[in-house]
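Visitor: Let me see the structure of the following:
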Amino acid sequence: MLSLNIVLALACLVAAGGIGWAYTQASALPRIDVGSALDTGVPAGDPQNILLVGIDDGSGLNATDPVMVGRSGTMNTDTIMILRVDPKNQQAAMVSLPRDLYVDLAGGGKGRINEALALGGPQRLIETIKQDFNIPINHYAMVNFKGFESLVNAVGGVPIYFQYPSRDQWTGLFQYDPGCVTLTGEQALAFARSRHFEISKSPNRWQEDPTSDFGRIHRQQQFIKAALRKAVSKGARNPFVLRDLIGFAQKNITLDTSFSIGDIVDLGTQFRSFDPDSLVTFTPPATGTMVGAMSVLLLQTAEAQPIFDIFRGTAPILDPSTTTTTTPTTPSTGGGSSTTTPPSVTPSTTVPPSTTTTLSEFIPQPPPGSACL
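Guide: Residues are numbered from 1 along each chain as shown. Take a look at the predicted model:
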C-alpha cells in the first residue's frame, strides 16, 4: 500500500511537470542498507518484487494507545507482503505470508518467519524468503505502527463497511454501529492487526473469526484496496494534494538504499493510471500444528507453488475473475488461535486461488450493489 501510494504520488508530480521537485522530495525518504540480499539490476519496465513489511514496533505512539498494551521490545514483522508490479502490462499482484509460517531461517535454525527480522534484520528476512520460496526480492519498504497510523490519517481515514457490530479486544478495535465507518489511524491499525475479530449477529452474543491469521490477512488486503481508493478520491492524482502525502512518507516509510529516485519515478510514471481494484491478492495455504509448545503454520508446499510461480516470474499475473471458487468450508483448528487452515478454494486449471474472491461474514464488506466511500 505504501509503495503504491508513493509511486502514484510521484507519477502525478512527474506528469504535472514537477519532476525536479519529485526527485528532491523522494531523496529525503529514509533509507536502510540490506547488503547484498536484494536482486538488483532489473531492466526498466520489467516486472519486479517489492517486499512490504509492517514492523511490530510501537515507537512514537502515545503510551495510552491500545497497541502499547503488552508491548515487548522485540521487533518482529507484524505483516509480510510481496508486491509484484508488471509495468509493461499494467498489472500488480500481492501475496501475504502468514507471520506464523514455520520455516528454515536463513543462516540456520527453524522458527516462525516473523522472527527472521528480529534475529538478523531485513537482510535475514529477505534471504529467508529467497531460500524457502525461491522468490527474488528487488526492493524493500518498511513502516512501523506510528507510520501506519500517520499515513491513514494523511488520507483522511479509510472507509470500511461493517455488517455487524465488530470488535477485537486484543487490538482495541471497537465498532459497535454497523454501516460505513471511516477508520482513522488508531482504529485502522486495530482493524489491520486483528486476529481475534468478533462480530455480534444477536444482542450480547459474540462470535470470533475461526480463521485467525488468515482472516486478518483477508481484512488487510481488503483494507489496502480501500486505502488506495481513498487516496485517489482525496486527490492522490493531484500534484498539489500529494505534496502533503509525500511529506508524511518522508517521516514514516523506510526504503532500501538501492531503490533509486529514478527507479521510483519511472515506476510511478508507468503506474499513474493504475486502478486499485485491479490489484490481485493471494494467500498461500497452510495448516496449523504445534511444534513443542509453539503454535505454528506449516506451508502446504505443493498447493502453494502456482501462487509462488507468479512472484518467481514463471507464471503471468492473471485476472482473478477467471478464478473458479467454491463456498468456503468451516476450517479445522489446531492447538491455538493461530493454528487454523484457510477456507478451501478450488482454482481453475491455470489460475491459483486469489483471496480477492474469498468472502465471509468476518470480512467487512458493503451489501451487493452498494459502496462504502
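Visitor: most centrally placed residue in the protein?
Guide: Centroid-nearest residue in the chain, with CA atoms, centre = their mean: Met81, separated by 4.9 Å.
Visitor: so what's that one bridging to?
Guide: Leu52, Ser96 (DSSP bridges).
Visitor: now the helices for this structure?
Guide: 2-15, 19-26, 115-133, 145-154, 185-192, 213-234, 239-252, 261-270, 301-312 (DSSP state H).
Visitor: Between those helices, which has the poorest mean confidence score?
Guide: The minimum mean pLDDT among these belongs to helix 2-15 (a mean of 54).
Visitor: And the residue lying farthest from the centre of the chain, how far from Tyr164?
Guide: Centroid-distance maximum for the chain: Pro203 at 33.0 Å, with CA atoms, centre = their mean. Distance of Pro203 to Tyr164, given as CB to CB, to the nearest Å: 11 Å. The way it works is simple: take the backbone N, C-alpha and C, and place the C-beta from them, glycine included.
Visitor: do Glu303 as well
Guide: 31 Å.
Visitor: Asp33 now?
Guide: As judged by CB to CB, Asp33 and Tyr164 stand 46 Å apart.
Visitor: Mind checking which of these two has more residues around it?
Guide: Tyr164 (17 against 11; other CB atoms under 10 Å).
Visitor: quick one, what contacts that one?
Guide: Contact analysis of Tyr164 by CB atoms under 8 Å, 6 or more residues apart in numbering lists Pro178, Ile199, Ser200, Lys201, Glu361.
Visitor: The third one touches Trp206, doesn't it?
Guide: If I follow you right, that is Ser200. Yes. With contact defined as CB atoms under 8 Å, Ser200 reaches Trp206; the gap is 5.2 Å.
Visitor: which residues touch the residue nearest to the centre of the chain?
Guide: Leu51, Leu52, Val53, Met94, Val95, Ser96, Leu97, Gln220.
Visitor: what about the last one, neighbour count?
Guide: I take that to be Gln220. Applying other CB under 10 Å, I find that Gln220 has 22 neighbouring residues.
Visitor: which residue sits closest to it, ignoring its sequence neighbours?
Guide: Leaving out its chain neighbours, the residue that sits closest to Gln220 by CB to CB, 6 or more residues apart in numbering is Ala192, at 5.4 Å.
Visitor: pretty sure that neighbour is touching Phe223, no?
Guide: Yes. With contact defined as CB under 8 Å, Ala192 counts as touching Phe223 (5.5 Å).
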